[in-house]
Structure formats: structure tokens, C-alpha cells
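J.: here is a sequence with its predicted model. Questions after.
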Amino acid sequence: MTEAAVQTWEGPTMEVALKIWRVDEHGERELRTYEVEAPEWACLLDVLDIIKDRHDGTLAYRKSCRMMICGSCGMRMDGRAILACKERMK
Ligand code: FES
């Protein structure tokens, strides 16, 4: 989802809470909670984009095709290996 799409979505939305491990410059780990509003059709990658664009610009993750082809957005969620562009949030 592009920044323009994030700002202009219409229709039903949902509240999403993600807990993401963050590491500071001293190597200290912290499980940080982000609560955002997202469109009902959003996938995990869309929600990560919303967090990065609107709440925490330091969040970093990989992505490329957004079509479940390249594998760039592979990550772990709830202990499972997933593709962020495939994982629906609703
Ligand atoms: S961005 Fe390519 S598989 Fe998700």
C-alpha cells in the first residue's frame, strides 16, 4: 500500500494491535505494542506500512512484489513463518 492509499482509504476499518520486538542502540530488546486503524482488507504488510508511515518511521522490514512471489516479506508471526503480503488481518 502506498502512502497515498493509506491516507485515502474508504469503507470499513478495524483496530489492529501488533506487538513487535524492537532492539535499541544498546542491544536491549523491547516488545513494543502498536495500535492502529486499518482498512478491513489490510494484510500484515499494509499494517506495517501504516505503522511506519504514521507512528514509527524507524520500523524496518523487507518487501518487494506484494504478490506472494518473491518471499522478501517473509517473517515470523505468532511463531509461524508467514509472508506479510499474504497474511490477512481480519
Ligand atoms: S513482498 Fe514479495 S512475497 Fe511478499
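T.: That came in fine, so what should we check first?
J.: in the protein, which helix or strand is least confident?
T.: Lowest on mean pLDDT, DSSP states H and E among the helices and strands of the chain sits helix 3-8, with a mean of 56.
J.: what's the first helix or strand after that helix?
T.: Counting by DSSP states H and E, the next helix or strand C-terminal to helix 3-8 is strand 13-23.
J.: buried sites along that following strand?
T.: The neighbour-count check on strand 13-23 (16 or more other Cβ atoms under 10 Å) flags 16, 18, 20 as buried. (C-beta placed from N, C-alpha, C; glycine too.)
J.: off-centre distance for it?
T.: Put simply, strand 13-23 sits 7 Å off its chain's centre (Cα atoms, centre = their mean, to the nearest Å).
J.: which elements pack onto it?
T.: If contacts are counted by 3 or more Cβ pairs under 8 Å, 6 or more residues apart in numbering; DSSP states H and E, strand 13-23 sits against strand 29-39, helix 44-54.
J.: now the angle from the last one to strand 29-39?
T.: I take that to be helix 44-54. Going by axes from the mean of the first three to the mean of the last three Cα atoms, to 10 degrees, helix 44-54 is angled at 100 degrees with respect to strand 29-39.
J.: now the angle from helix 44-54 to strand 13-23?
T.: Relative orientation of helix 44-54 versus strand 13-23 (the same axes, to 10 degrees): 80 degrees.
J.: name the residues of helix 44-54 that are buried.
T.: Result for helix 44-54 [16+ other Cβ under 10 Å]: buried residues 44-53.
J.: show me what contacts G57?
T.: By Cβ atoms under 8 Å, 6 or more residues apart in numbering, G57 lies in contact with nothing.
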